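Chemist: What follows is a predicted structure for the sequence shown.
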Amino acid sequence: MPWIVGVSGASGTPYAAAVLRALLAAGESVDLVVSRASRLTLLDETGISFRDAHWRDDLREWLARGADGKPGTFEADLGGEGDGDRVRYWAAGDLAAGPSSGSYATKGMLIVPASTACVAGVALGLSKDLLQRAASVTLKERRPLVVTVRETPLNGQTLRHLVALDEAGASVVPASPAFYAGATHIQDLVDFVAGRVLDAAGVGHGLYRRWKGEIGGGSRPPA
């Protein structure tokens, strides 16, 4: 069964790329939903124009970029078209897509990054596009939903929406990097957040150095 990954229009497309790369590296399958607003953010942050008709090429180019925007930093195995495909793409406007139904089996859903508009839409059950509908389905089917909100400051309305999502069973994982893991590059900070998203989903990874109860441990070379 796949994980659904929803990418909303908030700034933070490197977080989504890091999560996608790690899921594929862990041998997981992915159903990808890229919102219309997120295409503008992706274009602004990476220069990549994400197109439905050429999504595979555009996704491969996106995942190859580091958090600093440098092309060719990573390689991502998307699998081949057909039975060996590791990623399945669904257009955000396709409300008849597989993830729009509870009978479509998935492991859960990760929304990364999640804009405040997306948070509101999911909390209120608006289902205005496939991303929001898939999230509503994930909640009603009692599957894991991880919401990586990327906004600051947060007003009272958004905080109430986040509380509603928590009460509905979602895991709210703010895009808030930590520094105890010995970060020396922007990619390290991005990977920390991506790793915490995957922790919440129960997916194994090696994206960051975990706390071991040793003061200054993050500054030491790995054993």
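Modeler: Perfect, thanks for sending it.
Chemist: Helix, strand, or coil at Pro113?
Modeler: strand (DSSP: H, G, I helix; E, B strand; the rest coil).
Chemist: oh sorry, the question was meant for Gly66
Modeler: Going by three-state DSSP: Gly66 is coil.
Chemist: now that we're looking at it, which residues does it contact?
Modeler: Applying CB atoms under 8 Å, 6 or more residues apart in numbering, we find Gly66 in contact with Pro14, Thr73, Phe74, Gln187. The way it works is simple: take the backbone N, C-alpha and C, and place the C-beta from them, glycine included.
Chemist: what's the answer for Ala194, then?
Modeler: Tyr15, Ala18, Val19, Ala22, Val112, His205, Leu207.
Chemist: Keep only those of those that are in helices.
Modeler: The members of the contacts of Ala194 that map onto helices under DSSP state H are Tyr15, Ala18, Val19, Ala22.
Chemist: from memory the second one sits against Asp191, does it?
Modeler: Spelled out, that is Ala18. Yes - with contact defined as CB atoms under 8 Å, Ala18 counts as touching Asp191 (5.5 Å).
Chemist: quick one: common contacting residues for these two?
Modeler: Leu207.
Chemist: roughly how far apart are the residue lying closest to Val149 once chain neighbours are set aside and Leu126?
Modeler: Closest residue in space to Val149, ignoring its immediate chain neighbours: Ala114 at 4.8 Å, by CB to CB, 6 or more residues apart in numbering. From Ala114 across to Leu126, the span is 14 Å (CB to CB, to the nearest Å).
Chemist: between those two, who's got more neighbours?
Modeler: Ala114 (33 against 14; other CB atoms under 10 Å).
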